[in-house]
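*Asks:* Fold the following, please.
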Amino acid sequence: QNDKTAFWDVVPANQLPRILWMESDRMASLAVTDENFQPQRQVVIQEYNQRVANSPFGEANLRLFTQPLQGYAPYELPVIGNVDDLNAATLKEVQDFHAEYYRPNNATLVIVGDIDVAQTQALIQAYYGDIPAGPPVVQTLDRYPYPTAFPATTVDEITGCQVGTTETLVDAKVKIPRYAISVAGPVRGTPDFYALKLLTDILSSGDSSRFQQDIVRQGLAASAFVGLNDYKGASVLYAAAYANQGDKVEDMRKLLDDEFARVRNGDVTAAELARVQQQQLISTITGFRSSVRDTAEWLQDATLIFGDPHSIGQELALYQAVTLNDIRRVAQTYLCARPMNVQITQPEGEQTLATYPGELVQALDVAAATGIGPATETISESVIAALPTDVVTRTAVPAALGELQTNLPPFKSFKLDNGLNVIFVEQHETPTIHLDLFVGGSNAAAPADQQGIADFMADLIPKGTETRSADEIAQSIEAVGGSVGSNAGLEWTSLSVDAPTPNATLAYELLGDLAQHATFPQDEFDVEKSQTLTFLQQDAVNPTSMANRQFGRIAYGGHPYGYITTPETVNGLTRDDVLKFYETYYKPNNALLVIVGNMSAADAQKMTEDALGSWPSGTVPDFEKYPQATVGDTNVIYLVDRPESQQATVQVGNRAINARNPDRYALLIDNAVLGGGSSSRLYANLREDKGYTYGVYSRFAQPNDVGTFRVIGDVNQDHVGDAVQEILNELKGMQDKPLTEQELADAKGMLEGSFALSLEQPGDFANQLAARYLTGVPINELSSYASKLQSVTADQAQAAAKQYIDAAHPIIVVVGDAKVVQPQLAKIEKVVLVDTDGKIVPAAQSQ
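*Replies:* Next up, the predicted model:
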């Protein structure tokens, strides 16, 4: 990150010694050797290619967020750098960087979890106490004070506001032109920062925000947003609008200018300010307590930026102190007086880039702080000596702090008379309630020629009911700091409402109204169709989407899992089609309600009955009655040409199992060993050893019908043939030789630990219950998860791999620049070149 390098670990509490052993060793004796350095250089280059060079708007985003701070040394360069700089880096530079910064006197350690504090302090002293401090580090921000002025090149003739730079980027991967601006913002900790952050929320946070109300929902842009990136010593205000299909990017400028002018002129209401202050309050409370990792991150940032973990509460008070006059002042300052940098990104035309402004501030000659302050507490040798046996060691993996105890949290399930199934999980971490209604019948229930209808339904449900308009729905829930959400999955749609517990009645009323009385207004439908068609343009050249679509075509011929949303299917949809789909599937006897709340089970059941007990049941089609799929030719490699790609996206796999398959525990272990994480065979081979990829993983999808097994990764195009061959070798290796005892034990430990972590928060536990219910797995099976894992033998894992992993003739899909990758792939298997619609490209055209 800009201000820190963060290493985080989330583990079962009994494995704390292992993590302290590993992280302290990384600080004290990291092997910065050429043997380790060279593959990692290639890994980071592939990370750059994946995130920037091969991604639409990748380069544009790097420039957007750094352009306002050009000339200010601490933040003028992106963290990831560029390929030239990465190739120019020397081993000596990396060694020197580690020696200077990776020292205990330049680090902050945060531990959050189910710990014994005294024991944890002793462990920290044992593992970190003997690492020598380095020379005091001169902090970059001490040498470079934040500039008091930023260069302007002109004054906008229309708005009269300052303009910094104007540039146009041409990116063939971009199909939706974008108009964007960025401005150097205030430093976090100053009053302007909190007022400006709330102003960005007024403009684009939630469905009741101005950008959503005035721009997006009016169909004037496909998307529009504003935000504030904050660092320790600076911030960047940014905004963007994406043009709808057929619209001009220049029109997006006026949309942003008009909204900015309104807030500069003081057109912000007390209700709007109260809404975003309440949202900030609730998001702070829930964000801080959402997980042990999030709590640690919040404390870490507070310590890094302000030197005080208690500053979280102080910042919250600063948000609540912001006035309407503050909002107007920062609007006038940062949306007019301070130079605004303009960036246009489009698929073709002439590219013009901004020039470097020169240094904005000169480096100060600052002496390093001397000495290291005394520890607040002294841990005696006797306390360290009293630690359990073998938990402190430098030469071997330390012992755990006792056995892992995974205890399922209590929950209650009940069923209403109308057939609605309900799962309730009580929580007292935050004063909130979360309602999530899952309804059967989604993308896989729609005919092939109506794909997109489930997404339309989910998006439009919150856009109006018989008694509430879209504005009333959004404003009522967001005014109390809550939200409404909806989503269409493969087989189920979900409708959720979040609210503070005192507003639980409102949450239930909205959920009941949306589930029963959505009206799908024609004007909202028209906007949804226009925006969907626009986003399909961009999706058509997204490498991951391209690979997913082609893999699905081969794995699921004639099966709903392989159906694809296209401009043709979207254009054929009507508002009446969506309403009919909603009326067909939204029945209580076809739904599951999951409640996670700071309330009693009795209160939850009563409120559920009051809000949803009168929802009439009805007959629902059997959407899970699937036809037999036809698998396409797997004796070839399918290549989707994406000219000028900087990487190749690879998917290798086959149809495998459903969620109820009795071999699923053996396959969980197989997957963990093969590609389930950073210690897997695939990761070690393709990333750590060869540097072909930033990340490669495998997974078994487990829906109601037969899912797929896939290996997925974005790899160096110059080595795509090698990468595919290595993947095939690893698949064959899973079949040819049993897992080692160590691999089997490590996989079981990882999976059991991950399972324990998945129960960390009540909401996570509720999701585990819901996932099983929705796929026909008994929810009480959670209690036997660990024992079923532990019972799997190496022979059983090998037998499952032989049966469900196809190493001989898997489906192979590659998306990349055909002229670069096709010759490599042809050495492995016959290559069939297909277009983005899956149609075979004639040989003459593929030359």
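*Asks:* what's next to the lengthiest helix in the chain, contact-wise?
*Replies:* The single longest helix within the chain, with elements called by DSSP state H, is helix 270-289. Residues from elsewhere that reach helix 270-289 (Cβ atoms under 8 Å, 6 or more residues apart in numbering): 197-198, 201-202, 205-206, 208, 294-295, 298, 312, 316, 319-320, 322-324, 327, 429-432, 475, 478-482, 500. (Glycine included, C-beta is placed from N, CA and C.)
*Asks:* residues contacting residue 199?
*Replies:* 263, 268, 327, 330-331.
*Asks:* hang on, the earlier thing: report the buried members of the contacts of helix 270-289.
*Replies:* 197-198, 201-202, 205-206, 208, 295, 298, 312, 316, 319, 322, 327, 429-430, 432, 475, 478-482, 500 (16 or more other Cβ atoms under 10 Å).
*Asks:* Narrow those residues to those in helices?
*Replies:* 197-198, 201-202, 295, 298, 312, 316, 319, 327, 475, 478.
*Asks:* can you tell me which of these lies nearest to residue 800?
*Replies:* residue 295 (38.1 Å; Cβ to Cβ).
*Asks:* Can you find the helix or strand of this protein with the lowest average pLDDT?
*Replies:* helix 843-846 (a mean of 54; mean pLDDT, DSSP states H and E).
*Asks:* show me the contacts for residue 458.
*Replies:* With Cβ under 8 Å, 6+ apart, residue 458 has these contacts: 442, 486-488, 493-495.
*Asks:* Likewise for residue 533?
*Replies:* 245, 567, 570-571.
*Asks:* Mind doing that once more with 7 Å?
*Replies:* By Cβ atoms under 7 Å, 6 or more residues apart in numbering, the residues touching residue 533 are 245, 567, 570.
*Asks:* try residue 747
*Replies:* 669, 672-673.
*Asks:* Any idea how many residues pack against the closest residue to residue 659 other than its chain neighbours?
*Replies:* Once flanking residues are discounted, residue 659 sits nearest to residue 775: 3.5 Å by Cβ to Cβ, 6 or more residues apart in numbering. Neighbour count for residue 775, taken as other Cβ atoms under 10 Å: 18.
*Asks:* From what I see, residue 775 and residue 704 are in contact.
*Replies:* Yes: assessed by Cβ atoms under 7 Å, residue 775 is found in contact with residue 704 at 5.5 Å.
*Asks:* joint contacts of these two?
*Replies:* Common neighbours of residue 775 and residue 704 (Cβ under 7 Å, 6+ apart) are residue 659.
*Asks:* Distance check, residue 262 against residue 686.
*Replies:* Per Cβ to Cβ, to the nearest Å, residue 262 is found 52 Å from residue 686.
*Asks:* Of the two, which one has the most company?
*Replies:* It is residue 686, of residue 262 and residue 686, that has more neighbours when counted by other Cβ under 10 Å, with 30 against 15.
*Asks:* wait, what's in contact with that one?
*Replies:* 692-693, 696, 713, 723, 726.
*Asks:* you'd agree it is in a helix?
*Replies:* Yes: assessed by DSSP: H, G, I helix; E, B strand; the rest coil, residue 686 belongs to a helix.
*Asks:* Got the confidence number for it?
*Replies:* With respect to pLDDT, residue 686 scores 97.
*Asks:* quick one, strands of the stretch 651-800 of the chain?
*Replies:* With strands called from DSSP state E, counting those that start in this stretch, the stretch 651-800 of the chain shows them at 693-700, 708-716.
*Asks:* Check those strands for me and report the most buried one.
*Replies:* strand 708-716 (a mean of 25; mean count of other Cβ atoms under 10 Å).
*Asks:* quick one: strands adjacent to that one?
*Replies:* strand 647-655 (antiparallel), strand 693-700 (antiparallel) (DSSP bridges).
*Asks:* Grab the CA positions of the first one and hand them over as PDB.
*Replies:* I take that to be strand 647-655. Provided in PDB are the C-alpha atoms of strand 647-655 (Å, rounded to 0.1, in the frame of the first residue of the first chain):
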ATOM      1  CA  GLN A 647      -1.600 -12.100 -20.600                       C
ATOM      2  CA  ALA A 648      -3.400 -15.300 -21.400                       C
ATOM      3  CA  THR A 649      -6.400 -16.400 -19.300                       C
ATOM      4  CA  VAL A 650      -6.500 -20.200 -18.800                       C
ATOM      5  CA  GLN A 651      -9.200 -22.500 -17.600                       C
ATOM      6  CA  VAL A 652      -8.700 -26.300 -17.500                       C
ATOM      7  CA  GLY A 653     -11.300 -28.700 -16.100                       C
ATOM      8  CA  ASN A 654     -14.400 -30.800 -16.500                       C
ATOM      9  CA  ARG A 655     -17.900 -31.500 -15.200                       C
END
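*Asks:* Identify all contacting residues around it.
*Replies:* Contacts of strand 647-655 (Cβ under 7 Å, 6+ apart): 46, 49-50, 54, 543-544, 547, 551, 555, 631, 706, 708-717, 720, 723-724, 727, 806, 810-816, 821.
*Asks:* Check what contacts stretch 781-794 and list those residues.
*Replies:* 406, 408, 665-666, 668-669, 738-739, 744, 748, 751-752, 755, 768, 772.
*Asks:* What subset of the residues you listed is buried?
*Replies:* 406, 665-666, 668-669, 738-739, 744, 748, 751-752, 755, 768, 772.
*Asks:* May I ask which two of the ones in helices among the buried ones among the contacts of helix 270-289 are separated the most?
*Replies:* Farthest pair in those, by Cβ to Cβ: 295 and 475, 31.2 Å.
*Asks:* how many neighbours does the closest residue in space to residue 163 that isn't next to it in sequence have?
*Replies:* Sequence neighbours aside, residue 154 is the residue nearest to residue 163 in space, at 4.9 Å (criterion: Cβ to Cβ, 6+ apart). Residues near residue 154, counting by other Cβ under 10 Å, number 11.
*Asks:* now the one 3 residues further on
*Replies:* Counted by other Cβ under 10 Å, the residues lying close to residue 157 total 7.
*Asks:* before we move on, what about residue 325?
*Replies:* 10.
*Asks:* what helix or strand is it on?
*Replies:* Counting by DSSP states H and E, the element that carries residue 325 is helix 324-332.
*Asks:* How about residues contacting that helix?
*Replies:* Contacts of helix 324-332 (Cβ under 7 Å, 6+ apart): 191-192, 195-196, 198-199, 263-264, 266, 268, 270, 273.
*Asks:* what is the orientation angle of that helix with helix 270-289?
*Replies:* 80 degrees (axes from the mean of the first three to the mean of the last three Cα atoms, to 10 degrees).
*Asks:* Which of the three states applies to residue 225?
*Replies:* Quick answer, by three-state DSSP: residue 225 is strand.
*Asks:* Touching, it and residue 242? I think so.
*Replies:* No: contact criterion Cβ under 7 Å: residue 225 and residue 242 do not qualify, at 9.3 Å.
*Asks:* Settle it for me: which of those two has more neighbours?
*Replies:* Ranked by neighbour count (other Cβ under 10 Å), residue 225 and residue 242 place residue 242 first, with 25 against 20.
*Asks:* Identify the bridge partners of that one.
*Replies:* Bridge pairing for residue 242 - DSSP bridges - gives residue 178, residue 223.
*Asks:* how about it, what does it touch?
*Replies:* Counted by Cβ under 7 Å, 6+ apart, residue 242 has contacts 176, 178, 221-223.
*Asks:* if you set the cut-off to 10 Å instead, what comes out?
*Replies:* 57, 174, 176-180, 216, 221-225, 249, 252, 345, 531, 534-535, 538 (Cβ atoms under 10 Å, 6 or more residues apart in numbering).
*Asks:* and if you look at residue 482?
*Replies:* Going by Cβ under 10 Å, 6+ apart, the list of residues near residue 482 reads 206, 278-279, 282, 432-434, 476, 497-500, 503-504, 506-507, 510.
*Asks:* And residue 236, by the same measure?
*Replies:* 64-69, 75, 182-185, 227-230, 341 are the contacts of residue 236 under Cβ under 10 Å, 6+ apart.
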